[in-house]
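Colleague: Below are the sequence and a predicted model for it; my questions follow.
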Amino acid sequence: MKLEKLLCMKGGKGEGSYANNSQAQALHARSMLHLLKETLDTVQLDTITTVETPFVVVDLGCSCGINTLNVMDVIINHMVKRYETSGEIPPEFSAFFSDLPSNDFNTLFQLIPPFVNYENGGVNVSMEECLAANGHRSYFVGAVPGSFYRRLFPSRSVHVFHSAFSLHWLSQVPESIMDKRSPAYNKGKVFIHGANEATINAYKKQFQTDLGCFLSARSKEMKRGGSMFLVCLGRTSMDPADQGGAAHLFGTHFQDAWEDLVQEGLVSSEKRDNFNIPVYAPSIQDFKEVVEANASFAINKLEVFKGGSPLVINRPDDAIEVGRAFANTCRSVAGVLVDAHIGDSLSEELFLRVERRGTNKAKELLEKLQFFHIVASLSFTT
């Protein structure tokens, strides 16, 4: 099955769901709000003659938790203030939430608050008052399923694109990684971390191809004067074999748990070798090269931002809690892929071993499992 028909964060509201294991992403996103607002300040406001056209905001890779709604509120609230400060009447706002078709949009829809109109009994109220209305929204909502590596929206229709914690996911596992005859065959591993040069180059090439496709699609969809705010897992090392925080999530205890299944005879080594996490954490240079080659966007800001641990722990001295949080974090982002590859029963066995290993290495996990993010503020130039 094609990856885009399968890949998604773990849906629902269970213990291993993304909705219940994305608090760290919320904390990381909150710490970057000043950078997001700086990007929003570069967006060209529509004039009074074009105010009848809705202001369109898109979150790409929205997933199924509350985080996407929180960031949408921030974006629209900030743009309303910009309009009101400039003496312009704010337009209507349309917010589109986009992810792969396999995403649990139902859980997301259940979190969306009801719409409140700008008019109240014929009396005008400000957009800002609507935004402040507890438990309500003042923008129209739509969902767009599909891969953000292709076109999703009409030409020149979007003012602001936002994408956080998604662009490190590749559109596919490079074909050479799965070919036993290829020097890039990732034997004995399920992730790029510590792999050979041919494997690393295959992952890097796939990332650059995907990001190039992403930028090309957005360059057709974005309105002139629009901007993008992008965040993805990154690395500080120039060596792509060192995948930083992603390595500690997928390249150590998670990978060792697969080896446990092989050694116990529950999974064949070939079955293990045919599973690879389609993630690449780029360096700033990796990212910059693709943006500059595309030439449709000016770089306002491009930096590495320390996000911190993906684990949210109430009792850091409780090794059992740390191990469980680690397993749930792995399951929330990779569980669907594992389920599809080895089935629910063996998947449960795998994550039990991930939890056990995480418990045994709790102190090390808390110290070393730290995420760095590539943060890019881009403005459309052509």
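Modeller: The structure has been received and is ready for your questions.
Colleague: Tell me which residues of stretch 305-317 come out buried.
Modeller: By 16 or more other CB atoms under 10 Å, the buried positions in stretch 305-317 come out as F305, G307, G308, S309, P310, L311, I313. Any C-beta I mention is one placed from the backbone N, CA and C, and that applies to glycine too.
Colleague: With stretch 57-77 instead?
Modeller: 57-69, 71-77.
Colleague: Next step: those residues restricted to strands.
Modeller: V57, V58, D59, L60 (DSSP state E).
Colleague: Let's have these in JSON lines, adding distance to N196.
Modeller: JSON lines is the format used below for these (distance: CB to CB, whole Å):
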{"residue": "V57", "distance to N196": "42"}
{"residue": "V58", "distance to N196": "38"}
{"residue": "D59", "distance to N196": "37"}
{"residue": "L60", "distance to N196": "32"}
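Colleague: Tabulate the residues you listed (TSV), appending distance to Q285 and pLDDT.
Modeller: Shown next, in TSV, are those (distance: CB to CB, whole Å; pLDDT from 0 to 100):
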residue	distance to Q285	pLDDT
V57	30	97
V58	27	97
D59	27	96
L60	23	96
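Colleague: SS state for D242?
Modeller: Classification of D242 by DSSP: H, G, I helix; E, B strand; the rest coil places it in coil.
Colleague: Against I299, how distant is the nearest residue to it once chain neighbours are set aside?
Modeller: Of all residues not flanking D242 in the chain, R235 sits nearest, at 6.4 Å (CB to CB, 6 or more residues apart in numbering). Per CB to CB, to the nearest Å, R235 is found 19 Å from I299.
Colleague: The two: who's more crowded?
Modeller: R235 (26 against 13; other CB atoms under 10 Å).
Colleague: I'd assumed H159 was in contact with M228.
Modeller: No. M228 lies out of contact with H159 (CB atoms under 8 Å); the separation is 10.3 Å.
Colleague: Point out the ones among the buried residues of stretch 305-317 that are inside strands.
Modeller: Reading strands off these with DSSP E, I get F305, G307, G308.
Colleague: Do you have the strands of the protein handy? List them.
Modeller: Using DSSP E, strands in the chain cover 55-60, 93-99, 119-120, 123-124, 140-145, 158-164, 222-234, 297-308, 371-380.
Colleague: ok and the last one relative to strand 158-164, angle-wise?
Modeller: If you take axes from the mean of the first three to the mean of the last three CA atoms, to 10 degrees, strand 371-380 sits at 170 degrees to strand 158-164.
Colleague: Give me the angle between strand 371-380 and strand 297-308.
Modeller: Going by the same axes, to 10 degrees, strand 371-380 makes 160 degrees with strand 297-308.
Colleague: Point out the other helices and strands that strand 371-380 packs with.
Modeller: helix 33-40, strand 222-234, helix 245-250, helix 284-294, strand 297-308 (3 or more CB pairs under 8 Å, 6 or more residues apart in numbering; DSSP states H and E).
Colleague: Tell me the strands beside that strand, with direction?
Modeller: Strand 371-380 sits in its sheet next to strand 222-234 (antiparallel), strand 297-308 (antiparallel), going by DSSP bridges.
Colleague: Distance of L215 relative to V71?
Modeller: L215 is 21 Å from V71, by CB to CB.
Colleague: Also Y203?
Modeller: Taken as CB to CB, the span from Y203 to V71 is 28 Å.
Colleague: same check, this time on D339
Modeller: Taking CB to CB, one finds D339 at 28 Å from V71.
Colleague: so what pLDDT did S296 get?
Modeller: What the model reports as pLDDT for S296 is 95.
Colleague: cool, and G194?
Modeller: 83.
Colleague: wait, isn't it in contact with G251?
Modeller: Yes. Here G194 reaches G251: they are 6.3 Å apart, a contact under CB under 8 Å.
Colleague: Share the number of residues neighbouring R156, please.
Modeller: 12.
Colleague: How about E349?
Modeller: 18.
Colleague: Please apply the same query to the one 4 residues further on.
Modeller: The local packing of R353 (other CB under 10 Å) involves 21 other residues.
Colleague: Spatially nearest residue to it, not counting backbone neighbours?
Modeller: Using CB to CB, 6+ apart, the nearest residue to R353 is A257, at 3.9 Å.
Colleague: Correct me if wrong: the one you found contacts E348.
Modeller: No. In this structure A257 lies outside contact range of E348 using CB under 8 Å: 11.7 Å.
Colleague: And those two? Which one has more around it.
Modeller: A257 (22 against 16).
Colleague: Relative to I313, how far out is that one?
Modeller: From A257 to I313 the distance is 20 Å (CB to CB).
Colleague: Same check on T107?
Modeller: 24 Å.
Colleague: do G65 as well
Modeller: Taken as CB to CB, the span from G65 to I313 is 19 Å.
Colleague: P282 touches T236, doesn't it?
Modeller: No. Between P282 and T236 there is no contact under CB under 8 Å: 11.2 Å.
Colleague: which one of those two has more residues nearby?
Modeller: Using other CB under 10 Å, the more surrounded residue of P282 and T236 is P282, with 24 against 13.
Colleague: list the contacts for that one?
Modeller: Contacts of P282 were listed using CB atoms under 8 Å, 6 or more residues apart in numbering, and they are H168, K204, F207, L211, C232, G234, R235, I374.
Colleague: Now for those residues: which two are most distant?
Modeller: L211 and R235 (15.0 Å; CB to CB).
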